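Enquirer: the sequence and its predicted three-dimensional model are supplied below.
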Amino acid sequence: MSKESALRDDLLETAKQIVDLQSNPRTWLSWVVYLLARLEEQATLGSPANRVSYFEMLEALQEEIRNRMKTGGWN
């Protein structure tokens, strides 16, 4: 199993644990924000360019969410 596959499995398990803990999707926002904050912390441990890249990723995420709301699916 590749590292990416293992990480996907871990994230799937984490998602299931969040649902088990809080079944209402509205409450998942705090978990998504928590994850993004931890990712930002990790990004800022590296070079200053990583911080810039992190904010570029957030902009791309906004666009993905807009597309999801318009089309009803994830790209």
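Expert: Nice, I can see it.

Enquirer: now do the helices in this structure.
Expert: Counting by DSSP state H, the chain has helices at residues 3-21, 29-45, 48-71.

Enquirer: a markdown table for those, including mean neighbour count and mean pLDDT?
Expert: No exception for glycine: its C-beta is placed from N, CA and C like everyone else's. As requested, the helices of the chain are exported to a markdown table (neighbours: other C-beta atoms under 10 Å; pLDDT from 0 to 100):
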| stretch | mean neighbour count | mean pLDDT |
| --- | --- | --- |
| helix 3-21 | 11 | 97 |
| helix 29-45 | 12 | 95 |
| helix 48-71 | 11 | 95 |
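
Enquirer: list phi and psi for residue 23.
Expert: Per-residue torsions, residue 23: phi -80, psi -20 (degrees, to the nearest 10).

Enquirer: that one: neighbouring residues, count only.
Expert: 9 (other C-beta atoms under 10 Å).

Enquirer: ok, it - contacts?
Expert: Residues in contact with residue 23 (C-beta atoms under 8 Å, 6 or more residues apart in numbering): none are found.

Enquirer: state the distance from it to residue 16.
Expert: Distance of residue 23 to residue 16, computed by C-beta to C-beta, to the nearest Å: 11 Å.
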